[in-house]
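Generate coordinates for the sequence data below:
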Amino acid sequence: MDVAEQAFIMIKAEENGVQVMGLTRGQTTKFHHTEKLDKGEVLIVQFTDTTSAMKIRGKASVISSFAQMESDSKA
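Predicted coordinates for the structure are as follows:
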């Protein structure tokens, strides 16, 4: 298991309708999974062989082993 597969990220929705999208690895980047969170819901996600990036749309707290930040984009 490489370091990327050990990286967990916790996302807590600060408003209703926060979207979390997983993007694929490879020659072309594509959306492969989407979750919608309501205020107060928490999602714990992990990078995998398939998932190389995540996009968060809406107001959310994002916590990883590297940093803690706030997303404030419009849902």
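
which residues of this structure fall in strands?
8-13, 18-24, 31-37, 42-46, 51-57, 59-64, 68-72 (DSSP state E).

Give me the angle between the second one and strand 68-72.
When you say that, I think you mean strand 18-24. 110 degrees (axes from the mean of the first three to the mean of the last three Cα atoms, to 10 degrees).

Could you list the paired strands of strand 18-24 along with their orientation?
Next to strand 18-24 in the sheet, as set by DSSP bridges, lie strand 31-37 (antiparallel), strand 51-57 (antiparallel).

any idea which of these is most buried?
strand 51-57 (a mean of 16; mean count of other Cβ atoms under 10 Å). In short, each C-beta sits where N, CA and C put it, glycine included.

Check what contacts it and list those residues.
Strand 51-57 is contacted by residues 4, 9, 11, 18-25, 29, 32-33, 45, 62, 71, 73-75 when judged by Cβ atoms under 8 Å, 6 or more residues apart in numbering.

so what's D38 up against?
So D38 contacts A13, N16, G17, V18 (Cβ under 8 Å, 6+ apart).

Can you turn the buried part of the contacts of strand 51-57 into a ChimeraX selection?
If you want just the buried ones from these in ChimeraX, going by 16 or more other Cβ atoms under 10 Å, the selection is:
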select :9,11,18,19,20,22,24,25,45,62,71,75
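
excluding its backbone neighbours, what's nearest M10?
Residue nearest to M10 in three dimensions, not counting chain neighbours: I63, with 4.6 Å by Cβ to Cβ, 6 or more residues apart in numbering.

quick one, what contacts the one you found?
I9, M10, I11, K12.
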